[in-house]
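Participant: With the sequence up front, the predicted model follows.
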Amino acid sequence: MQKEEIADYIVDRYQGLVAVNAWGEQSFFYNPEGKLPWGVYFATLKDKDGDNDRASGLGRTGVFRFNFGISKPSYEKALGERPSRPVAGGVVDTGHDFTRLNTLLPHPVYGWMSWVGILNPDREVFRDLQPLLNESYELVVGKYRKRVKS
């Protein structure tokens, strides 16, 4: 799959998302009523390394990473115990090869927050992610509702 296909898919499937190009990535926020300055992060598509995020080797031609957050139980079921927060500029210590394509992995920086990433998923693997994406969407809708009530 191409990153544009993933972007189109999630914006079409999940209502209330706003796409923003910032920080060297395409970010998708849940902000259906525009009540929050940005909204609540739902997912990102990143195709270049950043100062604090080089573990995936996104400088390789055509390589991108799709990232999103899931619940702690889902994270642990899929990937094992969540890692500790890395030091500033560091990578989570999980033993994973963060350069591996088409495999669900902890997010190399935000895995401690139950974020996951996948480099260049094919259609079959992306289809298998649907239950986790649906869960992620439900989580951001809940977070949004809590924030706009405050």
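Facilitator: That came through fine. Numbering: from 1, shown residues only.

Participant: So which residues of the protein form strands?
Facilitator: 17-22, 25-30, 40-46, 65-69, 105-106, 115-119 (DSSP state E).

Participant: So for the top helix by length along the chain, mean pLDDT?
Facilitator: The helix that spans the most residues within the chain, counting by DSSP state H, is helix 130-149. The pLDDT scores in helix 130-149 average 97.

Participant: Run through who's touching that helix.
Facilitator: 10, 14, 16, 30-33, 35-36, 39-43, 68-71, 74, 78, 104, 116 (Cβ atoms under 8 Å, 6 or more residues apart in numbering). C-beta: built from backbone N, CA, C; applies to glycine.

Participant: can you put the strands of the chain in CSV and add distance to residue 53, mean neighbour count and mean pLDDT?
Facilitator: Listed next are these as CSV, based on distance: least, Cβ to Cβ, whole Å; neighbours: other Cβ atoms under 10 Å; pLDDT from 0 to 100:
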stretch, distance to residue 53, mean neighbour count, mean pLDDT
strand 17-22, 14, 14, 94
strand 25-30, 9, 22, 97
strand 40-46, 7, 22, 98
strand 65-69, 9, 24, 98
strand 105-106, 13, 24, 98
strand 115-119, 10, 23, 98
